[in-house]
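A.B. asks: Structure for the following, please:
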Amino acid sequence: MGRSTISDVALMAGVSEATVSRALRGVDKVSDRTRQKVVKAAENLNFTLSKSASALASGKTKRVQLVVSGELKAWFNASVLQGIYEVLSPAGYDVIPAFIMDKSELDSLFAKLPANRNMDALIVASFRFDVQLHDHMQKMGIPTIGLNSPSLDGFDASVGIDDAAGMKLGVQLLKSLGHQRIAFVCDYVPHDLFYSTTLRSDLFCRAALDAGYDEHSMMVVRASEHGRGVSYEHLAAEVAAKILASPLRPTGVCVETDEFAVPLLKELRRQHIQIPGDLSVVGFDDAYIAQVSDLTTVRQDPVGLGHKAAIKALGLMRGETLGHPHESIAPELVLRETTGRPR
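C.D. replies: Just a heads-up that it's a prediction; the model follows:
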């Protein structure tokens, strides 16, 4: 027996093909009795209305595009994708992930999105979005949602971690432990993109000043700019050398991400620096690597952020007015073995 068609369902239910389409898509103007007849006929024939056919009739693709920076397998990106999928898949939506590594890839991807219109909503994670592109997509009825983005500009809704509160937690911890000289260590990011994590160095300085530190008791350490493919081990060695050679050598550091904090810990220990006796280290994220390394860190929940972003996307796609379109989540401080009082 061949594959059943919409005509077969219409014949068995005694209705038109258009009525079958409306009934299976949940469109109004179909009585409950007729809808039940159509559903029963479809079940008997093992017929499912394809998403492509539904899209042609409704003008909706049932797809949501997720764009992240860095590789999809990275802890944050994979966690965000998991959270979004857990909400959108049961609602009947496909999640189409895409990733970019630099500004040229970002421009190329976004240049194609409006032309394709192969989505009902767009979720952008961690980097700044183009306001003009948002306006273009808004005209086509495609809402854009930011997730941990450094700015609210260009988004109909957003959700993100409160980075300012997170940096304040890290600084206050080091202050309470008695560290008189502290530093912030920047992770490496492409110079032509602006990420949410890029804000953390400025927020650290602001929190340090508020806590009573001055320019002689705090510093920001950056790795030199390198091309794609340079290992974290190489960058960690460079940063560790800068910290240890500084005339105002800190006894406590906050690191932009756990992903960079862990290789930095390894390099410092290779240089016979006692952690936390000689140097206390605070990360940011609470990724799996932080838990395994017993790293004190500031925790965020990317799966939960994905849930919230997807819920906002669903509301906007349904034409709802969101009560709180832009949401900021407070982080938590997680104490482990890499922080303590200085000698």
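A.B. asks: And the helices in the stretch 51-200 of the chain?
C.D. replies: With DSSP state H, counting those that start in this stretch as the criterion, the stretch 51-200 of the chain has helices at 51-58, 75-88, 103-116, 131-139, 163-176, 200-210.
A.B. asks: Let me have these in TSV, adding mean pLDDT and distance to residue 248 as columns.
C.D. replies: C-beta here means a position set from N, CA and C on the backbone, and glycine is covered the same way. Formatted as TSV, those follow (pLDDT from 0 to 100; distance: least, C-beta to C-beta, whole Å):
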stretch	mean pLDDT	distance to residue 248
helix 51-58	50	60
helix 75-88	96	32
helix 103-116	71	35
helix 131-139	72	41
helix 163-176	97	15
helix 200-210	95	13
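A.B. asks: Let's have those helices in TSV, adding distance to residue 234 and mean neighbour count.
C.D. replies: Formatted as TSV, the helices of the stretch 51-200 of the chain follow (distance: least, C-beta to C-beta, whole Å; neighbours: other C-beta atoms under 10 Å):
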stretch	distance to residue 234	mean neighbour count
helix 51-58	46	14
helix 75-88	20	21
helix 103-116	23	13
helix 131-139	35	14
helix 163-176	25	21
helix 200-210	21	19
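A.B. asks: Of those helices, give the one that comes closest to residue 331.
C.D. replies: helix 163-176 (4.1 Å; C-beta to C-beta).
A.B. asks: by contact count, what packs against that closest one?
C.D. replies: Judged by 3 or more C-beta pairs under 8 Å, 6 or more residues apart in numbering; DSSP states H and E, helix 163-176 is in contact with strand 182-185, helix 200-210, strand 252-255, strand 280-285, strand 296-299, strand 332-334.
A.B. asks: what's next to it, contact-wise?
C.D. replies: Here helix 163-176 makes contact (C-beta atoms under 8 Å, 6 or more residues apart in numbering) with 182, 196-197, 199-200, 203-204, 206-208, 210-213, 252, 254, 280, 282, 284, 296, 298, 300, 330-333, 335, 339.
A.B. asks: just so I know, which of the helices and strands packed on helix 163-176 lies nearest residue 133?
C.D. replies: That would be helix 200-210 among the helices and strands packed on helix 163-176, by C-beta to C-beta, at 25.7 Å.
A.B. asks: C-terminal to the closest one, what's the next element?
C.D. replies: strand 218-221 (DSSP states H and E).
A.B. asks: Direction included, what does that following strand pair against?
C.D. replies: When pairs are called by DSSP bridges, strand 218-221 turns out to pair with strand 182-185 (parallel).
A.B. asks: mean confidence for the strand it pairs with?
C.D. replies: Across strand 182-185, the average pLDDT comes to 97.
A.B. asks: Same check on stretch 63-72?
C.D. replies: Rounded mean pLDDT across stretch 63-72 is 89.
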